[in-house]
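Undergrad: here is a sequence together with a model predicted from it:
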Amino acid sequence: MLFQDSLGAQSAISVSALSLYLKELLETNDILQNIWVHGEVSNCKIYPSGHCYFTLKEGDAQLPCVFFKQARLRTAAPNLRDGMALAVNGRISFYERDGKLQFYVDAVMSLGEGALFRKFEQLKARLEAEGLFDSERKRPLPDQPTTIGIVTSLQAAALRDMLRTLRNRYPLTQVILAPALVQGAEAPASIANALDRLNEHGEAEVIIVGRGGGSIEELWAFNEEVVARAIARSRIAVISGVGHETDFTIADFVADHRASTPTAAATAAVPDIADWQADIEEKQQVLTDLMLEQIEDRKAQLAYAMRDLQRANPQSTIVQRRQQLDECTERLQTYMQHIISLRTERLRGVSLQLHSLSPLLTIARGYAVVRQQRDQTVVTSTRQVQAGDMLTIQVQDGQIEAVVRPSGAEI
């Protein structure tokens, strides 16, 4: 913008000066400093600070609004949400940092529900009556999908988030991308066609339909009946991941699984390989502990068996028996020596007795011992011999053979 100075020459002013000029221009207008405006709430966000930011829309026109915490508490304002029809009272000023007009709300009055919200509720009620939201028709998600289909925009940041999540959690899966418009008048048909193409292709085991957050108008494609019908007729389980945690669309109710964000949808679609690794490590540790426990038990059993074996070892028995044998041998030898000594003494005594009774002593005194030659029987009587018997006569220095003659025979 150009201004003329006092000399009539044109000169440029700074952005800050122009911003300050606009701010003063708006804030000095009595009408704009206390005005009621009505419209439909969109893109409503309440921050941890308690301040609420939303857009008030009507047709193609929109007005950024700020509702500070102090004003909300002071007026006991209702909880704002997308789709509400509101009348707001406040003032208009220029926010220099962002370079935009803002409506600073001092009070709100609910006018019921806006046109978009009524359209949303009407379609939701009709599809629910048809049974499209029934839990019985919801299909379980595959535990370990090898192929995942994704319906979203190629330019969407949500696509990068989903691919990164899938790659980090489960790099074994493959992705088939079905590009689609996710915003605008042509988006509903584009999303439905992408879903149909993935079903015709047939390789995907689960499909993610998603896009990042936005206003109710930006997410409206996922509230259209054509998208709901495409999800319902899909032969492949569908996960919806549209917007942020607080955003709900018709697609969420029809889908087999609703995720709060596109990243959450990717998380729900695949297992976490890190959990597998942790589970494997845990089972490995349990197995290791069991093996060590078994090894210790076997060691103890082996030690017991070795002690039993040592006790049952024949070598120790042999050594023991050898010692017992030596002791027995020694005792036997002692006993035998004792017996021999006794018997020797007894034999000596008997020998002496026998010697004293020996016929040799008698013979030595001049006597003789007569025996039958045939059987060495001692002849002590004449009745023991007959004529012709051969006799042996034992004398001191030898034997004499003799023949018995008949009585009265001549020599």
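TA: Alright, I've got the coordinates.
Undergrad: return the residues in contact with residue 195.
TA: By C-beta atoms under 8 Å, 6 or more residues apart in numbering, the residues touching residue 195 are 151, 178, 207, 209, 227, 230, 231, 234, 238. No exception for glycine: its C-beta is placed from N, CA and C like everyone else's.
Undergrad: point out where the stretch 1-150 of the chain drops to low pLDDT.
TA: Counting by pLDDT under 70, the stretch 1-150 of the chain contains low-confidence residues at 1-10, 111-114.
Undergrad: could I get the buried residue list for the host helix or strand of residue 239?
TA: Per DSSP states H and E: residue 239 is located in strand 237-242. By neighbour count on 16 or more other C-beta atoms under 10 Å, the buried set for strand 237-242 is 237, 238, 239, 240, 241, 242.
Undergrad: pull the longest strand from the protein.
TA: Taking DSSP state E as the criterion, the chain has its longest strand at strand 100-113.
Undergrad: neighbouring strands of that strand in the sheet, and parallel or not?
TA: strand 61-67 (parallel), strand 84-95 (antiparallel) (DSSP bridges).
Undergrad: out of the ones you listed, indicate the one that is most buried.
TA: strand 84-95 (a mean of 19; mean count of other C-beta atoms under 10 Å).
Undergrad: where's residue 32 relative to residue 22, distance?
TA: Plainly put, residue 32 is 12 Å away from residue 22 if you go by C-beta to C-beta, to the nearest Å.
Undergrad: now for those two: what residues contact both?
TA: With C-beta under 8 Å, 6+ apart, residue 32 and residue 22 have no common neighbours.
Undergrad: surely residue 182 touches residue 211?
TA: Yes: using C-beta atoms under 8 Å, residue 182 makes contact with residue 211 at a distance of 4.1 Å.
Undergrad: overlap of the contact sets of these two?
TA: Listed as contacting both residue 182 and residue 211 by C-beta under 8 Å, 6+ apart are 152, 153, 156, 222.
Undergrad: if we can go back for a sec, include distance to residue 378 when you put the strands paired with strand 100-113 into TSV, please.
TA: Below are the strands paired with strand 100-113 laid out as TSV (distance: least, C-beta to C-beta, whole Å):
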stretch	distance to residue 378
strand 61-67	161
strand 84-95	160
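Undergrad: and residue 168, which of those strands is closest to it?
TA: strand 61-67 (36.8 Å; C-beta to C-beta).
Undergrad: show me where the stretch 201-350 of the chain has strands.
TA: Under the criterion DSSP state E, counting those that start in this stretch, strands of the stretch 201-350 of the chain are mapped to 206-211, 237-242, 257-259.
Undergrad: ok, which of these comes nearest residue 109?
TA: That would be strand 237-242 among the strands of the stretch 201-350 of the chain, by C-beta to C-beta, at 30.6 Å.
Undergrad: quick one on the thing from earlier: of the strands of the stretch 201-350 of the chain, which is nearest residue 288?
TA: Per C-beta to C-beta, nearest to residue 288 of the strands of the stretch 201-350 of the chain: strand 206-211, 36.2 Å.
Undergrad: what pLDDT, on average, does that closest one get?
TA: The predicted model assigns strand 206-211 a mean pLDDT of 94.
Undergrad: ditto for stretch 215-229
TA: Per-residue scores along stretch 215-229 average to 87.
Undergrad: what's in contact with it?
TA: Under C-beta under 8 Å, 6+ apart, the answer for stretch 215-229 is 42-43, 55, 57, 82-83, 116, 119-120, 123, 127, 132, 181-184, 187-189, 191-192, 195, 209, 211, 213, 240, 242-243, 247, 249-254.
Undergrad: PyMOL command to pick out the buried ones of these?
TA: To isolate the buried subset of the contacts of stretch 215-229 in PyMOL, counting by 16+ other C-beta under 10 Å, use the following:
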select buried, resi 42+43+55+57+82+83+116+120+127+132+181+182+183+187+188+189+191+192+195+209+211+213+240+242+243+247+249+250+251+252+253+254
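Undergrad: of the contacts of stretch 215-229, which belong to helices?
TA: Counting by DSSP state H, the part of the contacts of stretch 215-229 found in helices is 116, 119-120, 123, 127, 187-189, 191-192, 195, 250-254.
Undergrad: from those, pick the one nearest residue 294.
TA: residue 252 (52.4 Å).
Undergrad: give me the neighbour count for the closest residue to that closest one other than its chain neighbours.
TA: Among residues not flanking residue 252 along the chain, residue 258 sits closest, at 4.2 Å (C-beta to C-beta, 6 or more residues apart in numbering). The local packing of residue 258 (other C-beta atoms under 10 Å) involves 20 other residues.
Undergrad: what do you get for the one 3 residues further on?
TA: A count of neighbours around residue 261, defined by other C-beta under 10 Å, yields 21.
Undergrad: tell me who's in contact with it.
TA: 158, 212, 213, 241, 243, 244, 245.
Undergrad: quick one: it from residue 36, how far?
TA: With C-beta to C-beta as the criterion, residue 261 and residue 36 are 36 Å apart.
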